[in-house]
Structures are given as C-alpha cells and as structure tokens.
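Trainee: got a sequence here, can you model it:
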Amino acid sequence: MKIEQYITETGKLKEFIEFYCNKKHINQKESILKDEYRENRLENIELSLCEDCLDMFLYAKERLSLCEHEPKPKCRKCKTICYDRERYSKLGRIMRFSAVRLKIKKVLKLS
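Mentor: Numbers count the residues shown, from 1 in each chain. As a prediction, the model looks like this:
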C-alpha cells in the first residue's frame, strides 16, 4: 500500500474509533503517538481514547501497516485474514456505529 493510502486509512481509523469511544466510554486520555510507515517518519497522531479503544487503534494500525495489497481492499472484502476473530468483530461494531452517525452528522451540517 502506498504511504498516501496508509495515511488516509489511519485517519479514518482514528476518526471512527475516537467517535465511538467518546460516545460509549469515559476516562479518555490525551496521548500523542509517533507514527511511522515502512521507515518513513510521519506526523504525530493526537488521540483522545480510553485504554481499550487505544489498544484497538494500535492493533488496527499495526495490521494496516502490514497490509501488502496494492491497492488495499476493504478489510471485509479481503481474502487475507489478518485480524483475530474477536478484534475483527469488535472493530466491525465500532465502524458500523461510527459510520452511520458520522454520515448523519455530515448530512445535518449540510442542511
């Protein structure tokens, strides 16, 4: 995967997981993550997540950085299973929850 796609995908992960965490959990902590992709130093990622969601973000980011597909398919359509079943299921719930609500929020802003 190209570095531009990695940055885009990481940004989506951050947006969806932070939105989910802020709606569902308490005790978020501010943190700054130094980001790299295949020996390329990237901008730091500022996060506001609880411990569980931070763990999920780090796991998903690691899986994303190991993706060898070019172009990268959507994970649910990929034939290579790189997530463990439990985390894949949990991330799916996070993505569904956030996608619907972020889409509604975006539509309401346009009105």
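Trainee: rest of the way, CA atoms for contacts and neighbours
Mentor: Noted.
Trainee: ok, for the residue most central in space within the chain, nearest residue in space, not its chain neighbours?
Mentor: In the chain, the residue lying closest to the centroid (C-alpha atoms, centre = their mean) is L13, at 1.6 Å. Among residues not flanking L13 along the chain, F57 sits closest, at 7.0 Å (C-alpha to C-alpha, 6 or more residues apart in numbering).
Trainee: what's around the one you found, how many residues?
Mentor: 21 (other C-alpha atoms under 10 Å).
Trainee: starting from the helix or strand harbouring it, tell me the next helix or strand along the chain.
Mentor: Using DSSP states H and E, F57 maps to helix 51-66. Following helix 51-66 in sequence order, the next helix or strand is helix 85-110 (DSSP H and E).
Trainee: and Y88, how many neighbours?
Mentor: 17.
Trainee: do the one 3 residues further on as well
Mentor: Close neighbours of L91, defined as other C-alpha under 10 Å, add up to 20.
Trainee: since that was my last question, I'll sign off now.
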